[in-house]
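Asks: Here's my sequence, what's the structure:
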Amino acid sequence: QVQLVESGGGLVQAGGSLRLSCVASGRTFNIYAMAWFRQAPEKEREFVAGINWRGGRTYYSDSVKGRFTISRDNAKKTVYLQMNSLKPEDTAVYCCALRSTRYLQAPFDEADFGSWGQGTQVTVSS
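Replies: Predicted coordinates:
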């Protein structure tokens, strides 16, 4: 069983940047695809970004494409989400998730991800 712990959230002004981290425990992190999801108040959880097991292929929702970058360091068992040009509508709880496959395939359904972190709050003020 893999445990995931996120960090890096906080309060930032619109136009600012944050970098989220998700550290995994367990030996099998390196062979699995990872993703970030977010859930805003009174909204359903949505896919934000995903990355295959080696990091060679990444995926983004249309709402963050060009502003967010997902990456991973398998030696550190960590996946990152660099968020630039933040907007108030990016305000949400951000969770990382692991899928027990090496590759991701659209659609990126949360039901396909078996391990989740507790989330980190990101608040963007206007």
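Asks: Need the nearest residue in space to the residue positioned nearest the centre of the chain, chain neighbours excluded.
Replies: Among the residues of the chain, the one closest to the centroid is residue 36, at 2.1 Å (C-alpha atoms, centre = their mean). Residue nearest to residue 36 in three dimensions, not counting chain neighbours: residue 48, with 4.4 Å by C-beta to C-beta, 6 or more residues apart in numbering. C-beta coordinates here come from the backbone N, C-alpha and C atoms, glycine included.
Asks: Next: residue 90.
Replies: residue 124 (5.1 Å).
Asks: Settle this for me: the one you found is touching residue 85, isn't it.
Replies: No. Taking contact to mean C-beta atoms under 8 Å, the distance of 10.2 Å between residue 124 and residue 85 leaves them out of contact.
Asks: what's across from residue 19 in the sheet?
Replies: residue 82 (DSSP bridges).
Asks: so what's the backbone phi/psi at residue 111?
Replies: Backbone torsions of residue 111, given as degrees, to the nearest 10, read phi -70, psi -20.
Asks: how close does residue 104 sit to residue 12?
Replies: Distance check for residue 104 against residue 12: by C-beta to C-beta, to the nearest Å, it reads 28 Å.
Asks: Which of the two has more residues huddled nearby?
Replies: Neighbours per residue (other C-beta atoms under 10 Å) separate residue 104 from residue 12, with residue 104 holding more: 20 against 17.
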